[in-house]
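Participant: got a predicted structure plus its sequence, pasted below:
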Amino acid sequence: MFTPLLAYIEKFVPLGNEDWDLLLPHLREIFIQKNDYFSREGKPCKEIGFIVEGCMRHFYTKDGEEKTTYFYFENNLVTDYLSCLTGKPGLISIEALSDTKLIVFPYSVLMQLYSESKVWERFGRLIAEYIAKGLEERMTGLLMLSAEERYHQLLGSNKQKIIERIPQHFIANYLGITPVSLSRIRNRMLKK
């Protein structure tokens, strides 16, 4: 039941039975229905999720307007990392865009594992580096590329699941443009 999470972790570090057994008792499976939340703005996030089935979006709300910053799909971790780190209420919401099955465990357990095992400590460092890389790429794209260039980059990236599974209005929001602007960009591309 938890083998997809084990396989994901082992992409980062080799995990022996002894180290896996430290996490195993803390794992549980949950289901989140479409349009429900894994984490909500204003509330502390205390768990890390691993998506087995489904997809989710990560967004901020400013003056009543949502700003989508990330999408999560199967075989990825999901959490409000900053809220977990600080213990403070989150600034983001994470919403299920489809019925979603997750494996979850408390962030506090992962922190405890860092001090119990060098392998887990290395995993934590590598995950933090992975997150930092993703944030840097996202920020650079928003600051340095035009909306059309961001859409071209999305099409040419390894993020095809976004194009295939996410509604157009959320893709436009993710790109920082209106759905009408996205439609215009797509039409220009079709004419070329």
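Facilitator: That came in fine, so what should we check first?
Participant: CA only for contacts and neighbour counts going forward, please
Facilitator: Will do.
Participant: which ones are touching the closest residue to residue 8 other than its chain neighbours?
Facilitator: Distance criterion Cα to Cα, 6 or more residues apart in numbering; nearest residue to residue 8, sequence neighbours excluded, is residue 75 at 6.7 Å. Counting by Cα atoms under 8 Å, 6 or more residues apart in numbering, residue 75 touches 4, 5, 8, 50, 51, 52.
Participant: recalculate using a threshold of 10 Å.
Facilitator: Residue 75 is in contact with 4, 5, 7, 8, 50, 51, 52, 53, 54, 102, counting by Cα atoms under 10 Å, 6 or more residues apart in numbering.
Participant: now the residues you listed in a markdown table, with pLDDT?
Facilitator: Below are the contacts of residue 75 laid out as a markdown table (pLDDT from 0 to 100):
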| residue | pLDDT |
| --- | --- |
| 4 | 94 |
| 5 | 95 |
| 7 | 95 |
| 8 | 95 |
| 50 | 97 |
| 51 | 97 |
| 52 | 97 |
| 53 | 97 |
| 54 | 97 |
| 102 | 98 |
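Participant: among those residues, which are in helices?
Facilitator: Secondary structure from DSSP state H places 4, 5, 7, 8 of those in helices.
Participant: only the buried subset of the contacts of residue 75, as a ChimeraX command please.
Facilitator: In ChimeraX, this line selects whichever of those come out buried by 16 or more other Cα atoms under 10 Å:
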select :4,5,50,51,52,54,102
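Participant: looking at the contacts of residue 75, which two lie furthest apart in space?
Facilitator: The largest separation in the contacts of residue 75, counting by Cα to Cα, is between 7 and 54 at 17.8 Å.
Participant: re the thing from before, now, which of the ones in helices among the contacts of residue 75 sits nearest residue 112?
Facilitator: residue 5 (18.4 Å).
Participant: for this protein, which segments count as helices?
Facilitator: In the chain, the segments counted as helices under DSSP H are 3-9, 17-23, 81-86, 107-116, 118-144, 147-156, 160-165, 168-175, 179-191.
Participant: and stretch 56-73, what's buried?
Facilitator: Judged by neighbour count using 16+ other Cα under 10 Å, the buried positions of stretch 56-73 are 56-60, 66-73.
Participant: just send those back as JSON lines, with pLDDT too.
Facilitator: What follows is the buried residues of stretch 56-73, written out as JSON lines (pLDDT from 0 to 100):
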{"residue": "56", "pLDDT": "97"}
{"residue": "57", "pLDDT": "96"}
{"residue": "58", "pLDDT": "95"}
{"residue": "59", "pLDDT": "96"}
{"residue": "60", "pLDDT": "95"}
{"residue": "66", "pLDDT": "94"}
{"residue": "67", "pLDDT": "94"}
{"residue": "68", "pLDDT": "94"}
{"residue": "69", "pLDDT": "92"}
{"residue": "70", "pLDDT": "92"}
{"residue": "71", "pLDDT": "93"}
{"residue": "72", "pLDDT": "94"}
{"residue": "73", "pLDDT": "94"}
